[in-house]
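Peer 1: here you go, sequence then predicted model.
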Amino acid sequence: MVLSKLHEFHFVIAKSMRNSLKEQYIFKGLVTISDIIVKILTILAPVIKREHNWGEQRMSRYMYVSPDPKEKRIHVHAYLPRKLYRELKLIHQDLNSFSIAQIVRGLLDVFLGLLDEYGENVLQELENMFERWKKDTKAERLTMRQHLRQLWIIVQHLPGKNRLLTLYDRHFSPFWRFRL
C-alpha cells in the first residue's frame, strides 16, 4: 500500500499480547506486527462500526496496558489505512475514550479471545455474526417517512425564528443548508 495513504500509529502493548499475535497460525503469511494488527482491525471493521454506534461512554478512564505491572511493554508502530484510523479517532471522540491505543488494545484482546474460543473457525464465526448484524440492521432501519417524521418533530422544537438545518454527507462535511 502507498505510504502516503497510511497513518503511522504508535502505541504500546504488553509483550504477552505481541507474542500471542505473532504465534497465531492464521497470520502465517504476514511478517510484521503492524501487518497483523492492520489485518485484525480490517477483519473487525463491522465490530468497530457497531461499537461506534452502540458503545457505552468510557468517561475517559485510564485502563492499564497489562494487569501485571511488571510485564514488559512493547512499542508498536502500526501503519493504518487513513479511513480505519479516522473511524478509530471518531470512536475515541464520540465515546470519550482515554486514548485510541486503548481502543486498539481492546479490539486486539477481543480478537484473541475469539481465537481462543473458536480456534480455526474464528473467521467463519465472525462472518456469521456480521451477517446476523446486517439482517438486524435491515429489519430495524427506518423508512423515509419515519425519518422525515423524526426530523419534523426535531425542527418544531428548535428555538428562534431564524433556524438553520444542516445536512451532512458521509464524510461529515456540510452537504445542504436550509433556513427554516
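Peer 2: That came through fine.
Peer 1: use CA for all of it now, contacts and neighbours both
Peer 2: Noted.
Peer 1: check the residue nearest the centre of the chain and give its pLDDT.
Peer 2: The chain has residue 48 as the residue nearest its centroid, 2.7 Å off, counting by Cα atoms, centre = their mean. What the model reports as pLDDT for residue 48 is 88.
Peer 1: and the helix or strand containing it, C-alpha only, in PDB?
Peer 2: Residue 48 belongs to helix 45-54 when assigned by DSSP states H and E. Included here for helix 45-54 are C-alpha records, laid out as PDB according to Å, rounded to 0.1, in the frame of the first residue of the first chain:
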ATOM      1  CA  ALA A  45     -14.400  -3.300  10.800                       C
ATOM      2  CA  PRO A  46     -18.100  -4.200  11.400                       C
ATOM      3  CA  VAL A  47     -17.300  -4.500  15.100                       C
ATOM      4  CA  ILE A  48     -15.700  -1.100  15.000                       C
ATOM      5  CA  LYS A  49     -18.800   0.400  13.300                       C
ATOM      6  CA  ARG A  50     -21.100  -1.300  15.700                       C
ATOM      7  CA  GLU A  51     -19.100  -0.100  18.700                       C
ATOM      8  CA  HIS A  52     -19.200   3.400  17.400                       C
ATOM      9  CA  ASN A  53     -23.000   3.300  17.000                       C
ATOM     10  CA  TRP A  54     -23.900   1.400  20.200                       C
END
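Peer 1: that one: what's the following helix or strand?
Peer 2: Sequence order places strand 73-81 as the next helix or strand after helix 45-54, per DSSP H and E.
Peer 1: and the residue lying closest to residue 90 once chain neighbours are set aside, how far from residue 152?
Peer 2: Leaving aside its chain neighbours, residue 90 sits nearest to residue 52 (7.7 Å; criterion: Cα to Cα, 6 or more residues apart in numbering). Applying Cα to Cα, to the nearest Å, the value for residue 52 to residue 152 is 26 Å.
Peer 1: these two: which has the busier surroundings?
Peer 2: residue 52 (18 against 11; other Cα atoms under 10 Å).
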